[in-house]
Every structure is written in structure tokens, then in C-alpha cells.
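Participant: Generate a structure from the sequence data that follows.
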Amino acid sequence: MSETVSEPEPETAFDPEPVSEARPRRRGRTTLLIAVAAVLGVVAGTCTGFLVQADRAPDKLPSLSQPTLTQAKGPAPEPLSAAQDRQVKVDGDLRKLLLKKPSGARAATYPLGNDGWLDLAEYAEMFTTPDDAFGYQVEKEFRRAAVTQWREGTRDVEVLLEQYRQEVGLGASDTATDSFYWAERKSHTSSWAIPGTGDGMAYVHGASDGEYSAEAHAWRGDVALEIWIYDTKPIPKKKIMDLAEQQMERL
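Facilitator: I've put the predicted structure just below:
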């Protein structure tokens, strides 16, 4: 007598949705009705409370007197002068805080902006995906940007200052951090911390399509700094570091 052996049913595979592709669920009708009912319940309870209080005799108010506060003695501190108040400097003409063009330097090969200013659209055009860059800068509360450029021999230099409103977040810090991320992912790159800047960094990159480059990024308060150097020859560390330190001193 042969014994029949039943085969186990195959287990149903469970393939959860990847976290990276998950989207927030839309609020359903049931959830909305519950929320409306809860609001109506709160309103009804509040009205009942007012009616109960209306029938009660008013309570005697407590005394408004408070202990006498000790007043500080001596003259008040003098307000900061315009030269000492950094915010006065950065709220003025941002272009005046840029490095001065070296003696003997020529005009830039590819000039940016208009009279030293860069609007948001022009700044976004400097990125590989301008639309994404534009949206990112709007989110970070971009306020304005100033730029200076020059050419020395075969070397092109660009110095930019980007200022942010920073009413919600820290746009200058976020912009610098984003720049660190991309700079560190370039091949044949050496990097150094910029003294006196906290987390500022300078980078020198190897040749790409026959061109060498270097960059520096830092921030102070609501202003982010970018320095870019391009050359047909290797760029020494001292060049990018000196420019970064000099520009940060002016901030």
C-alpha cells in the first residue's frame, strides 16, 4: 500500500517596498472624518465650559504687586561701531568684501554676472542641473551673490560670496557642506582644512580633459564662500590656501 505524501504549499514571498521608493500615504476619507469629529467634540466641550463658567460668581483677582527688582548700576555698554559690527559689513555692498584683483591681472576669460552681482538664475546656471540648483537655492533662502574674477598667465580665478536670509535654516552652512560632498568625490584630489574657518576646506584636483583645477569652500554667519582656480598646469596648494585665508579675513 503506497502512502500518499502531500507536498507542502509554497510559501508566499513577501517583497516589501524599498524605503527609498516609499511615499507618504494620502490622508484617507475615514481618517478625515475622525479628525473632523474630534474637532467638533473639542468645540462642543469648550462651549459647555463657557456656559458653566457664565453661571458662576467671578473669583477675586490676585494682587498685581511684585517684588522690587534690583537695577544694574553703572553706564550701559557702548554699541558696536560699524567697523566692529560684522552684520553691518555683510548687509552693505557685498562686493566690497571680495578680494581685490591682483596688480597686473587681466579680465576673466568667461565673465560672470553683471557689475559684480550674480542673480539666482545666473548662479544656478553654473551647476550641471540648473533647475535642481535653482530649487535648492530657493529652499535654502538665497538672498544674493557677488563675484570677482581675473586671469593671471594661464590661470583663471573666480571668487564668489553667496548670502542667505537664514530665517528658517542655515543656508550658508548647508551650501558649504554640499560643496564639500561633491569636491571630495572627484578623482585625484588632495584636501586641507583652511585655518580659522572651523570646517572650511581647500581642494586641488588632478587634470581632467587637459585642465587642472582647485577649489575652496567655507562659510561665516550667513555668507558662504567659493573659490575656483583653473589652469593648464598643476595648481600648488599654497595658491588656493592663500586665497581662501585672505578672503575669509575680509569676512
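Participant: mind checking which helix or strand S187 is in?
Facilitator: According to DSSP states H and E, S187 maps onto no helix or strand at all.
Participant: And it, how far from L243?
Facilitator: Distance, S187 to L243, by CB to CB, to the nearest Å: 23 Å. Heads up, the C-betas are built off the backbone N, CA and C, glycines and all.
Participant: Show me which of the two is the more surrounded one.
Facilitator: Between S187 and L243, L243 has the larger neighbour count (other CB atoms under 10 Å), namely 20 against 7.
Participant: State the pLDDT value of the more buried one.
Facilitator: As predicted, L243 sits at a pLDDT of 98.
Participant: Can you read off the backbone torsions of the closest residue to it other than its chain neighbours?
Facilitator: Leaving aside its sequence neighbours, L243 sits nearest to I227 (CB to CB, 6 or more residues apart in numbering; 5.3 Å). As for I227, its main-chain torsions (degrees, to the nearest 10) stand at phi -130, psi 130.
Participant: can you pull the pLDDT of I227?
Facilitator: I227 carries a pLDDT value of 98.
Participant: ditto for S2
Facilitator: On the pLDDT scale, S2 is placed at 48.
Participant: ditto for V90
Facilitator: In this model, V90 is scored at 76, pLDDT.
Participant: got the residue ranges for the strands in the stretch 51-200 of the chain?
Facilitator: Along the stretch 51-200 of the chain, counting by DSSP state E, counting those that start in this stretch, strands occupy 117-118, 142-152, 155-164, 189-193.
Participant: Report the buried residues of the longest one.
Facilitator: Going back to what we said before, that points to strand 142-152. 142-143, 145-151 (16 or more other CB atoms under 10 Å).
Participant: would TSV of those residues with distance to L97 be doable?
Facilitator: As requested, the buried residues of strand 142-152 are exported to TSV (distance: CB to CB, whole Å):
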residue	distance to L97
F142	17
R143	14
A145	12
A146	8
V147	12
T148	10
Q149	15
W150	16
R151	22
